[in-house]
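> Okay, structure incoming, though there's no sequence with it:
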DNA sequence: CCTGATAAATGGAACGTTCCAATAAATCAA
DNA sequence: TTGATTTATTGGAACGTTCCATTTATCAGG
């Protein structure tokens, strides 16, 4: 049914009675072309249903307008939000981001990266999958393609990163709990193969030390960083001989799981046990109880990463300075700051700006 | 720092002491090449850090291995899940899906589609943005590119669709509420510019009619299809002179909003007011109270859509039969099926399979 | 050792664009 | 009117691949 012959620049040149070069110039919006010829050409383009072949163009031009965005878990609203922030930045730069999901699989990640390379992306924003080998990006670096890591960093990598101030965020959260009088604390879920984890646990430990909490009174429990993992970790924490009274969770998903597990045990989050999350996803505000969490301005970080890679492309460099994003603790109800547990209008978060490290 | 000269097929031909044609053949895994020459070539590829230029290849081949996936709202976990289902299907077909987000903007959608066309996608899976004009896909259809709509359909379109059985799902849910004795019902959020909406409201009305409910006793309230919209709609519903006792929500996000609004008013969802959602996102099971919802097998539909477009590409057609996915009602706690409101171990959902229409 | 067949490798044209150098057309100063 | 300038337009050679038609190497069978 469809006329499956492709129209090229030559067809529309013939149609408009000009040369292919003229058409090309028009396509690029050159000012060298008289405006009446230009509109003649544009009309022909309109009529023939011509579609520009970017592959052919890139062959000659050696730079493209697509930027790859590789994320490790799209179903996590956190990463979706990151992606949205990036798109916002790209839109005004007339580049198109193509998103691909690795589902936390290094193998899949390799495929995806290869495909993006082959497609000729101008730059890359990557949130590396867990368990990524150090040499996974060798080829990209060799090709000199600008790349930045977002939200996650690799141990020994020279690739610039855009991450929140994990250490400070965790310390902030822990101090909040300590200031409320808690003396036996737990850190729930995550595992040390992620640098983020080490940073967050580091901040957590530091704050505990400041308050003179003996190491024996803090429990750091590894586990899956999901709702399920949170439930499991909390259960594990509470079965200890001398259980903690408060927990800092690796991220909000874990925190939601912890809250759920508390309820299941007949404990009331906020009153009997304090919970703090990390990331401050949109849902945190609307949870029951509303979750106290470390806000990292996800979309802002995404935007930042986008600008970074854009600038790198422009200045044809593969290096840039790391950006450590400010964080701040958004206090809501899950630590029971006020002893009332009414479901009144959630107090509006007034993000007191935190300084970057 | 980086050696910014690109290696081509000729470079590796020289390196391996063969012709470019041979290299090309090796790249395609042809059996015409003796295995020792092949491995010689592969070694050269390895050493030089060569990256295949798919743009150049497509120029000659006129078919590509990328499929575009255009979704209207990535931050909705529902669509993210859809995307994941699609990826699963594509992975085994060695095609790479590139995801782009339109954020419900027809303008952005146009840009994104144009870009994908230019990039030479072999096929397209689209969940159209709200307010998409009927001729938005004219160019794609003219180009004869296989396309399927997922989750949403356009009023007068011949493009094949993969959607859940919205009508039946809504009817199922409404009957559930009616069977529980509710006689004043509301349908919350959404608006008639979406075909999905009309289908769901249709099923809802049909069920009410079956039970002989007068039209004056059912309230259909339009509104934003978000948590916020849900809260607003519920508030609106309850201020009516003779308020409903149960609501079917356009989707789960709306339902979560409705539950929240109930709590804010001091009402207990499940006991004082029944709420049913639609889509059954992962979160529904873990909510408090666990949300009764119409399950649509999102990932399955995504997979289905992927296979559909794959098949269309293979058979070079632009037509296919619509797929209407089976739905079933997952009964949890938000309609208070049992009058106990304990937070005990959530009853495990036993999805009694519903037949397709 | 040759013949014919088969297997393996190759050169060249094409794909649709951009860009440079060159030409043609329009404009201007004298 | 003419040459000098400026403004518009154009052909042709790339870009990195595939694929067809050839050429060259390999191998049986006589």
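Okay, I see it. None of the values given here were measured: they were computed from a predicted structure.
> tell me the SS of residue A:277?
Secondary structure of residue A:277, reduced to three states by DSSP: H, G, I helix; E, B strand; the rest coil: strand.
> Pull the contacting residues for it.
The contact partners of residue A:277, by CB atoms under 8 Å, 6 or more residues apart in numbering or on different chains, come to A:249, A:251-252, A:254-256, A:284, A:291-294, A:334. Quick note: C-beta positions are derived from backbone N, CA and C, even for glycine.
> who's it bridged to?
In this structure, residue A:277 bridges to residue A:293 when assessed by DSSP bridges.
> So it versus DNA strand C, what's the distance?
Counting by CB to the nearest atom of the strand, to the nearest Å, the separation of residue A:277 from DNA strand C is 49 Å.
> Against residue A:269, how distant is that residue?
Distance, residue A:277 to residue A:269, using CB to CB, to the nearest Å: 11 Å.
> quick one: common contacting residues for those two?
residue A:334.
> any chance of the contacts of residue A:277 in JSON lines, plus secondary structure and pLDDT?
Converted to JSON lines, these look like this (DSSP: H, G, I helix; E, B strand; the rest coil; pLDDT from 0 to 100):
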{"residue": "A:249", "secondary structure": "strand", "pLDDT": "98"}
{"residue": "A:251", "secondary structure": "coil", "pLDDT": "96"}
{"residue": "A:252", "secondary structure": "helix", "pLDDT": "95"}
{"residue": "A:254", "secondary structure": "helix", "pLDDT": "96"}
{"residue": "A:255", "secondary structure": "helix", "pLDDT": "97"}
{"residue": "A:256", "secondary structure": "helix", "pLDDT": "94"}
{"residue": "A:284", "secondary structure": "helix", "pLDDT": "92"}
{"residue": "A:291", "secondary structure": "coil", "pLDDT": "96"}
{"residue": "A:292", "secondary structure": "strand", "pLDDT": "98"}
{"residue": "A:293", "secondary structure": "strand", "pLDDT": "98"}
{"residue": "A:294", "secondary structure": "strand", "pLDDT": "98"}
{"residue": "A:334", "secondary structure": "coil", "pLDDT": "95"}
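> how about the closest residue to DNA strand C within the stretch 151-300 of chain A, phi and psi?
When scored by CB to the nearest atom of the strand, the stretch 151-300 of chain A has residue A:160 as its residue closest to DNA strand C, at 27.9 Å. The phi and psi values for residue A:160, taken as degrees, to the nearest 10, are phi -60, psi 150.
> show me what contacts it?
Residue A:160 neighbours (CB under 8 Å, 6+ apart): A:148-149, A:308, A:312, A:319-323.
> per-residue confidence for it?
Looking at residue A:160, its pLDDT is 98.
> And it, how far from chain B?
Going from residue A:160 to chain B by CB to the nearest CB, to the nearest Å gives 14 Å.
> separation between that residue and residue A:320?
The gap separating residue A:160 from residue A:320 is 4 Å, by CB to CB.
> And for residue A:330?
From residue A:330 to residue A:320 the distance is 29 Å (CB to CB).
> Between these two, point out the one with more neighbours.
More crowded of residue A:330 and residue A:320, by other CB atoms under 10 Å in any protein chain shown: residue A:330, with 22 against 18.
> check contacts around the closest residue to residue A:228 other than its chain neighbours.
Here the nearest residue to residue A:228 in space, its sequence neighbours aside, is residue A:257; by CB to CB, 6 or more residues apart in numbering or on different chains that works out to 6.2 Å. By CB under 8 Å, 6+ apart, residue A:257 lies in contact with A:226-234, B:286.
> Dump those residues into CSV; add distance to residue A:217 as well.
As requested, the contacts of residue A:257 are arranged in CSV below (distance: CB to CB, whole Å):
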residue, distance to residue A:217
A:226, 27
A:227, 27
A:228, 27
A:229, 23
A:230, 21
A:231, 23
A:232, 22
A:233, 17
A:234, 17
B:286, 31
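> from these, which ones fall inside helices?
Under the assignment DSSP state H, the contacts of residue A:257 contribute A:227-234, B:286 to helices.
> can you list these in a markdown table and add distance to residue A:102, pLDDT and neighbour count?
What follows is the ones in helices among the contacts of residue A:257, written out as a markdown table (distance: CB to CB, whole Å; pLDDT from 0 to 100; neighbours: other CB atoms under 10 Å in any protein chain shown):
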| residue | distance to residue A:102 | pLDDT | neighbour count |
| --- | --- | --- | --- |
| A:227 | 21 | 90 | 22 |
| A:228 | 20 | 91 | 17 |
| A:229 | 19 | 95 | 24 |
| A:230 | 23 | 97 | 30 |
| A:231 | 26 | 95 | 24 |
| A:232 | 24 | 97 | 20 |
| A:233 | 25 | 98 | 28 |
| A:234 | 29 | 98 | 32 |
| B:286 | 25 | 85 | 16 |
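> Mind picking the two most distant members of those?
Greatest spatial distance in those: A:233 and B:286, 15.4 Å, computed using CB to CB.
> so what's residue A:73 up against?
Neighbouring residues of residue A:73 by CB under 8 Å, 6+ apart: A:79, A:101-104.
> switch to 7 Å and redo it
Going by CB atoms under 7 Å, 6 or more residues apart in numbering or on different chains, residue A:73 touches A:79, A:103-104.
> Also residue A:137?
A:147, A:159.
> What values do phi and psi take at it?
Main-chain torsions, residue A:137, degrees, to the nearest 10: phi -110, psi 10.
> Of the contacts of residue A:73, which ones also sit close to chain B?
residue A:103 (CB under 7 Å from any CB of the partner chain).
> shaky segments in the stretch 1-150 of chain A?
A:1-5 (pLDDT under 70).
> Would you mind checking the contacts of residue A:160 for buried ones?
By neighbour count, with 16 or more other CB atoms under 10 Å in any protein chain shown, the contacts of residue A:160 hold A:148-149, A:308, A:312, A:320, A:323 as buried.
> Put together CSV for those, with distance to residue B:166 and secondary structure on each row.
Listed next are those as CSV, based on distance: CB to CB, whole Å; DSSP: H, G, I helix; E, B strand; the rest coil:
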residue, distance to residue B:166, secondary structure
A:148, 42, strand
A:149, 41, strand
A:308, 43, helix
A:312, 46, helix
A:320, 48, coil
A:323, 44, strand
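> of these, closest to residue A:211?
Closest to residue A:211, out of all of those and judged by CB to CB, is residue A:323, at 30.4 Å.
> OK, now which residue of the stretch 201-350 of chain A is nearest to DNA strand D?
Minimum separation of the stretch 201-350 of chain A from DNA strand D (CB to the nearest atom of the strand) falls at residue A:316, amounting to 16.8 Å.
> quick one: buried residues of stretch A:234-246?
A:234, A:236-238, A:244, A:246.
> next one: phi and psi at the closest residue to chain B within the stretch 151-300 of chain A?
Residue nearest to chain B within the stretch 151-300 of chain A: residue A:263 (4.7 Å; CB to the nearest CB). With angles defined as degrees, to the nearest 10, residue A:263 sits at phi -60, psi -40.
> which ones are touching residue A:225?
Residues in contact with residue A:225 (CB under 7 Å, 6+ apart) are A:189-190, A:250-251, A:253-254.
> State the helix or strand in which residue A:12 lies.
In the assignment (DSSP states H and E), residue A:12 maps to helix A:9-16.
> Buried residues, that helix. List them.
Counting neighbours by 16+ other CB under 10 Å, one finds that the buried residues in helix A:9-16 are A:9, A:11-13, A:15-16.
> if you look at that helix, does any of it touch DNA strand C?
Yes. For helix A:9-16, a contact with DNA strand C is found by CB under 7 Å from any atom of the strand, at A:9-10.
> picking that back up, next, format the contacts of residue A:225 as JSON lines and append distance to residue A:203 and neighbour count.
Listed next are these as JSON lines, based on distance: CB to CB, whole Å; neighbours: other CB atoms under 10 Å in any protein chain shown:
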{"residue": "A:189", "distance to residue A:203": "16", "neighbour count": "28"}
{"residue": "A:190", "distance to residue A:203": "13", "neighbour count": "25"}
{"residue": "A:250", "distance to residue A:203": "12", "neighbour count": "30"}
{"residue": "A:251", "distance to residue A:203": "14", "neighbour count": "26"}
{"residue": "A:253", "distance to residue A:203": "19", "neighbour count": "25"}
{"residue": "A:254", "distance to residue A:203": "16", "neighbour count": "32"}
